[in-house]
Structure formats: C-alpha cells, structure tokens
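J.: Sequence unavailable; structure follows:
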C-alpha cells in the first residue's frame, strides 16, 4: 500500500503557474506548490480515456474545480474527468459514474461530511453495480473537511488538503503506475453484527440533484450490499422500491380549489382591466389629466392584485403538492413494508429524495395485535397491515434517527429496548388522532382503532 503521507523534500517556487498560485486563497488551499521535475505520466490503456476521475459533493465544487485546473496546468497531457464538465446529459448519475470509473486510471475522492452523506451514499448503495470497475482501480482519498472515513476506505491513508506539500503528493500519486498501488483499491468490509433497531442504509434518490423540490425522487431498485445480509429475496426488495418509485414519479394533479382560485384570479384581473380600459376610453378625454392618472392607477392596482393572487395560488400548489407527495410516498412505503417485514426490514420516507432502511423485528408487536384484536370485529392481521400502511414509514425514520417526539413511560413493557416499539408508536399516534408521529400512549387500542378506521 502506498503511504501518501511519506516525507517529501521541500521544493522551490520555480515553475509554479499562475493558475496554481491563485488557487489557495479562493478555494481554501494554503501555499500549494508543484514539483520542478514532474514524474512521467502513465500512458492510458486502450479502454481508458482519463487519468483520474474526481468525485466530490456540490458544496465543494469550487475547491475541486480549482484543484483540477491546477493539476491540468501543471501536468502536461493530464486528462481529468469530473461530473460538471464530462458527464453526458440524458444519462443517470449512476450510468455516468460507471462509465467515468471504467474509463479512468484512478479515482480521486474529495472527502467531506457532505460528500459522505450524498455522493458516497449513492456509490455505496449501488456498490454491486460499481464493484467490477472498482476492484482494480486505485482510490485516492483527499480529506478536505474532517469527517469519518467510509468503511470501505479505512485501510487507505488519505491525503490531507491542509498539508504543506499537498499538491506534491497528489501529483506523485497520479503519476504512479497502477501496478505499484495494488493495495490502494476499495475493499469490502465485514458489517457489524445485526441488532434490533439497527439503521442499515440512508438511500438517496439517483436524481436528487436535478429534480424540483416539490417532486419525488427515483430510487435505485438494485439491492444494496448493506441489505444483502437481511433481505434474501432480491425480487421482493425490487418490487417494494418499484411501488415507491411509481408514486414518487407521479405528477400530482392540481386540486379543484387551486383551479377555481386560479380561474377567478384570471377572470378578476381581466374584468378589472376591461372596466378600467372602458372608463379610460369613454370618460378619460372629458375628465382631465388628474382623472386619467387616477384611472391608470386603478388599472395598475387591479392587474398587480390579480397577478399576486395567481402567483400565490401557484406557490401554495407547489408547497401543498410537496407535503401531499411526502404523505403519499410514506403510505406507499407502508404498503412496501408489508413485503419487507418478513425479513425484519422497514423502509421509511425521510424526505422526497431519501429513504431510511432499518432492521427491526415486529414479531412481538404482531403478537400484541393478535391479543388485542383477536376476538374483535376486525381480524388482527388486517389491523396490523393497516398499521403498517399508515405508520410504519414514520416509525422507520424515527428508529433510524433514534429520536421520537415522545417518551413512553407506561406500565406495559414494549417490544424494543431502545425506544417505543411499533404498537406503542401506533397507539400514541392514534391517541393524537394523527397519521404522523407525535407524542404519548393510550392503552385502549381496540376502541380507538375501531372509531378511527370506520
């Protein structure tokens, strides 16, 4: 394994380009210097198009672009690939990333908390897709902002962006042939043992960077590696994600209220405009300049009022559409949980572009439903499925974040040691007459369920 932190002799300022010298002040680097005598750049293989593929988060784009521009200015014939310039429009992010990795000699990862939460999550969630093209590619981690190293990279020594000789080390690694970096590839890791309530994965949408804020994202249907230890049936997982994707990609229809208000705003504006125009034409000539000015003010006020009403309707439509879309996705995630619960797996819609997947057993809660509704008008299994449909998505999000907006202190023990179990969560929400998670517990589930479900 290459040691990226080995000592490098100081170098002089001779030969530093204007691009490199201006890089640090603007982008957060400090006194970057490049070597006078550059090592030879490895030749590209027949299937390779770039020497490096640089992956970074959008928040760090300015820093990354400056780094790439500096490297390209200092290393003759260097071919770098990054998504803002080289990704092909019309293809998904995953397709572009696979092609970029396959066509590059090395992969440079600019690490920061935002990168680990966004780009790395996307790559890790689809690791089975990237595995073939990553197993022989050296990975060069650059620590821009201190953060936890992803488990697949913990065996590598990262390059610190604040290092005095940072640029020297990056250039040395780029110019090192791949066969001398055999241990610098990404390796699989053994996940820790499962426990009840373990968050398994925060799954981002593949198009979360390009969709409007009021639209739902599209999620990859490939089974992530983190879930293979619990989900034995790939087809079940694929079907569950398909259900969510069908709803998230559906454009919500405009409600009748918004349509009526929009039409009224247009009619009102048109009526005001016609009346003002009629008065201006018929009476304006005999009424003097003051009256003409007054009518003009009325006309402008009427148009602005109607326009603001229309804009308000459109704005409320988007805001309400986002809330309704999230509720709709949460409920269909509950239906998907009916498929996943047999593997003690729950999915929750954390937002329109992120899903939370947790490992938690609901066997004890299912038995409690049987005891509660065993002789009732509704079958226990029917009530349990209804509970999954309405509440399991929000419950999965609470479990993943280890945070509930209430603390259960009742006399009846729950079925999860680290917080409210699912049936306690459902009881609390039903007590508050809410379809969302709220706060407290009520033991008379049977009557409460009957009253609300009818």
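T.: All right, it came through fine. Model, not experiment: these values are computed from the prediction.
J.: in this protein, which spans are strands?
T.: Here the chain has its strands, by DSSP state E, at 50-55, 80-81, 104-111, 139-143, 159-160, 198-204, 345-351, 354-359.
J.: and the second one, what's its mean pLDDT?
T.: Averaging pLDDT along strand 80-81 gives 94.
J.: Pull the residues that contact it.
T.: 49, 50, 51, 52, 53, 54, 68, 71, 72, 100, 103, 104 (CB atoms under 8 Å, 6 or more residues apart in numbering). To be clear about C-beta, it is placed using only N, CA and C from the backbone, and glycine gets the same treatment.
J.: give the contact list for the fifth one.
T.: To tie it back to what came earlier, the one meant is residue 53. Residues in contact with residue 53 (CB under 8 Å, 6+ apart) are 80, 81, 82, 100, 101, 103, 104, 106, 107, 108.
J.: Counting neighbours, which of those comes out on top?
T.: Among the contacts of residue 53, the one with the most neighbours (other CB atoms under 10 Å) is residue 108, at 27 neighbours.
J.: show me the contacts for that residue.
T.: Counted by CB under 8 Å, 6+ apart, residue 108 has contacts 52, 53, 54, 55, 140, 142, 170.
J.: Tell me the bridge partners for the residue nearest to the fifth one when sequence neighbours are not counted.
T.: Pointing back at residue 140 there. The shortest distance from residue 140 to any non-neighbouring residue, by CB to CB, 6 or more residues apart in numbering, is to residue 108 (4.7 Å). Residue 108 has these beta-bridge partners by DSSP bridges: residue 54, residue 140.
J.: Could you report the separation of residue 108 from residue 162?
T.: 17 Å (CB to CB, to the nearest Å).
J.: One more: residue 418?
T.: Residue 418 is 38 Å from residue 162, where distance means CB to CB.
J.: and if you look at residue 99?
T.: Counting by CB to CB - residue 99 and residue 162 are separated by 33 Å.
J.: In contact with residue 399, which residues?
T.: When contacts are counted by CB under 8 Å, 6+ apart, residue 399 touches 197, 199, 346, 348, 358, 360, 419.
J.: so which of those would you say is closest to residue 206?
T.: residue 348 (18.4 Å; CB to CB).
J.: Pull the contacting residues for the closest residue to residue 184 other than its chain neighbours.
T.: Excluding its sequence neighbours, the residue lying closest to residue 184 (CB to CB, 6+ apart) is residue 138, at 4.1 Å. Residue 138 makes contact with 105, 106, 107, 173, 178, 181, 184, 185, according to CB under 8 Å, 6+ apart.
J.: Enumerate the beta-bridge partners assigned to the closest residue to residue 198 other than its chain neighbours.
T.: Distances taken as CB to CB, 6+ apart put residue 359 closest to residue 198, at 4.6 Å, once the chain neighbours are dropped. Assessed by DSSP bridges, residue 359 has beta-bridge partners residue 198, residue 345.
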